[in-house]
Structure formats: structure tokens, C-alpha cells
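Q: Quick one, structure for this:
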Amino acid sequence: MDVYEAIRTRKSVRAYLDKEVPGDVLSRILEGARLAPSAKNLQEWRFVVVRDPRTREKLARAARNQAFVAQAPVVLACCAETDGHVMTCGQACYPIDVAIAIDHITLCAVAEGLGTCWIGAFFEDQVKEILGIPPHIRVVELLPLGYPKDPSPVPKRRLPLERIVRWERWE
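A: Below is the predicted model of the structure:
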């Protein structure tokens, strides 16, 4: 599968098969995150890989009781170990850099026949407590990962290019 196909077929998966993700597949997907670009090559991303069903249940509760989080055989806590670096443009590096790494994960997952769903609806303090994450680490997203119950593509409703792209200048 090429990257364009992965982009076209990626969808938010909220129902997973009860099927383990093999270690070699998980390693390839995490390697995709490791190779992501980052500001000043700081590589602030860190990942906690959660496979234990009881821990996934606790994470689902911390994620505003979204039961499908626990249904996925793997949940990634996508974190940042950051020094708070801010780019010249005024944006903090770590949320952007972690998001880039997560996007690499989501596309690698599709190429491996897996699905994911970005979860920002969670209580960071609870996730930190559940996973023993130190106070100075930020939890940016949770990412359930597994084989989708329904692998069929979903049509994407997106704005046309003419609405989102400006050429040379805004006006």
C-alpha cells in the first residue's frame, strides 16, 4: 500500500476485533513514529504501550467512559518529554511534533491492516496516575490500536481544495 492509499483509507475506528497485534507489527508501527520529523530534531515524543486489559479498562474510564478504548488490544499513551521549546513562529514544539509522530503511526497502522482513533477526550491527571507517568511528562493523546471490526472504507467529507488552498497570497 502506498502512502496515498493509506491516507485515503484511514478512518477513525471505534470497534475492534478481539485479536492480538503481533509484536513485530507493533514494532514496525512504532518505528514509523520514531522516524518522524521534529523541531530542532528534539524528538520529544514518548509512548506508553498498554496491552493489559485491566489497564485499558481504566484508561477507557479516564477517557470519559469511551468503552471502545478498552476494546482495542493496544492503547498508546502518546506523551512528550519536553523542555517547553517554542519555535520562532510562537508555537510550542511538543504538541505538533507528537501529532506528527501519531500521524505516522496512524498511516503505518493502515498499511498493516489496523485501525486507530485519536482520543483527546481524557483526563490527563488520571492517565498519568494509571500509567505511572511522572508529573513533568505531558500526555498529548491516547491512541487505541487494533484490527477494525469493519475494515470497509468510509467516504470522507472534506472541503474542496479551492476552499482550503491559497496560491502565493491569502487574498
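Q: now residue 113: how far from residue 29?
A: 11 Å (Cβ to Cβ, to the nearest Å). In this view, the C-beta of every residue, glycine as well, is placed from N, C-alpha and C.
Q: how about the longest strand anywhere in the chain as CSV, C-alpha atoms only?
A: Ranked by number of residues, the top strand in the chain under DSSP state E is strand 138-146. C-alpha atoms of strand 138-146 as CSV (Å, rounded to 0.1, in the frame of the first residue of the first chain):
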residue,chain,number,x,y,z
ARG,A,138,2.7,15.7,29.1
VAL,A,139,0.1,13.2,27.8
VAL,A,140,-0.9,14.6,24.4
GLU,A,141,-3.3,11.9,23.0
LEU,A,142,-4.5,8.4,23.6
LEU,A,143,-4.5,6.1,20.6
PRO,A,144,-6.4,2.8,20.6
LEU,A,145,-4.9,0.4,18.0
GLY,A,146,-6.2,-2.8,16.7
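Q: list the helices and strands that strand packs on?
A: For strand 138-146, the elements it packs on are helix 67-71, strand 74-80, helix 93-111, strand 115-116, helix 124-131, judged by 3 or more Cβ pairs under 8 Å, 6 or more residues apart in numbering; DSSP states H and E.
Q: which one is the residue nearest to the spatial centre of the chain nearest to, not counting chain neighbours?
A: Centroid-nearest residue in the chain: residue 102, 3.9 Å away (criterion: Cα atoms, centre = their mean). Nearest non-adjacent residue to residue 102, counting by Cβ to Cβ, 6 or more residues apart in numbering: residue 78, 5.4 Å away.
Q: repeat for residue 122
A: residue 63 (4.1 Å).
Q: any idea how far residue 135 is from that neighbour?
A: 20 Å.
Q: repeat for residue 153
A: Residue 153 is 42 Å from residue 135, by Cβ to Cβ.
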